[in-house]
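J.: using only what follows, build the 3D model:
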Amino acid sequence: MIAERTLINLPNPLTAYDELELPSARETGIIKLTAGLHRQTWLSGINIWVDVHISNTSTKTVRKLEVQLEKITLFYDHSGASALAKDNVHLRLPDRKDMQIVSSWVLKKSSRGWKGVVPKSSEVRTIEIDVPRGLVTVNTGTQLDSARSLGHVSSP
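T.: So this is what the prediction gives:
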């Protein structure tokens, strides 16, 4: 029952956005990347589908796209006064932060027939990232927090 409710699609996707400015002699172009997840919860050992939108207003071709699933673990030396209040957990600053790439997906120009994202164009594609077995998310406690995040990289 719980899995059925947590694995439903969200009304609006969770999105991550980044942009890169590429100055040239004539103009400054921008490469914009947006990655969207349609679910908030995923199970260990299954695949994640990510919608990636690349908008290239620069004069260079985007030749590589990489999407990474990162495991982020936050460590706290001391429990905060509001550690038990779930609404205030985001206010705590960690004493140490460990990041580890647990899975990635790479697409390069000319691989799989991809021509890259040419100047003054955009592209939308859905990619599939494998979630390795054995990964768990630990709910925020007094001294530990574990989460996953998506990172995306493009190179002109």
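
J.: by contact count, what packs against the strand or helix carrying residue 65?
T.: With elements delineated by DSSP states H and E, residue 65 resides in strand 64-75, which encompasses its position. In terms of contact count using 3 or more CB pairs under 8 Å, 6 or more residues apart in numbering; DSSP states H and E, strand 64-75 is assigned the packing partners strand 47-56, strand 96-108, strand 121-130, strand 144-155. No exception for glycine: its C-beta is placed from N, CA and C like everyone else's.

J.: neighbouring contacts of the first one?
T.: Contacts of strand 47-56 with the rest of the structure, by CB atoms under 8 Å, 6 or more residues apart in numbering, involve 13, 29-38, 42, 62, 65, 67, 69, 117-131, 150, 152, 154.

J.: can we see that at 7 Å?
T.: Under the criterion CB atoms under 7 Å, 6 or more residues apart in numbering, residues 13, 31-37, 42, 62, 65, 67, 69, 117, 119, 121-131, 150, 152, 154 lie in contact with strand 47-56.

J.: tell me the strands beside that strand, with direction?
T.: Within its sheet, strand 47-56 is paired with strand 28-37 (antiparallel), strand 121-130 (antiparallel), according to DSSP bridges.

J.: Throw these into CSV and include distance to residue 17, mean pLDDT and mean neighbour count, thanks.
T.: Converted to CSV, these look like this (distance: least, CB to CB, whole Å; pLDDT from 0 to 100; neighbours: other CB atoms under 10 Å):
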stretch, distance to residue 17, mean pLDDT, mean neighbour count
strand 28-37, 5, 89, 17
strand 121-130, 14, 91, 13
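
J.: could I get the ones you listed in a markdown table, plus columns for distance to residue 102?
T.: Listed next are these as a markdown table, based on distance: least, CB to CB, whole Å:
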| stretch | distance to residue 102 |
| --- | --- |
| strand 28-37 | 16 |
| strand 121-130 | 9 |
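
J.: give the buried residues for stretch 67-81.
T.: Of the residues in stretch 67-81, those scored as buried under the neighbour-count criterion (16 or more other CB atoms under 10 Å) are 67-69, 71, 74, 76.

J.: hmm, which two among those residues are most spread apart?
T.: Among the buried residues of stretch 67-81, the pair separated by the greatest distance (CB to CB) is 67 and 76, at 29.4 Å.

J.: next structured bit after the helix-or-strand element of the chain with minimal mean pLDDT?
T.: Each helix and strand of the chain was given a mean pLDDT (mean pLDDT, DSSP states H and E); the minimum falls on helix 2-6 at a mean of 49. For helix 2-6, the following helix or strand on the C-terminal side (DSSP H and E) is strand 14-23.
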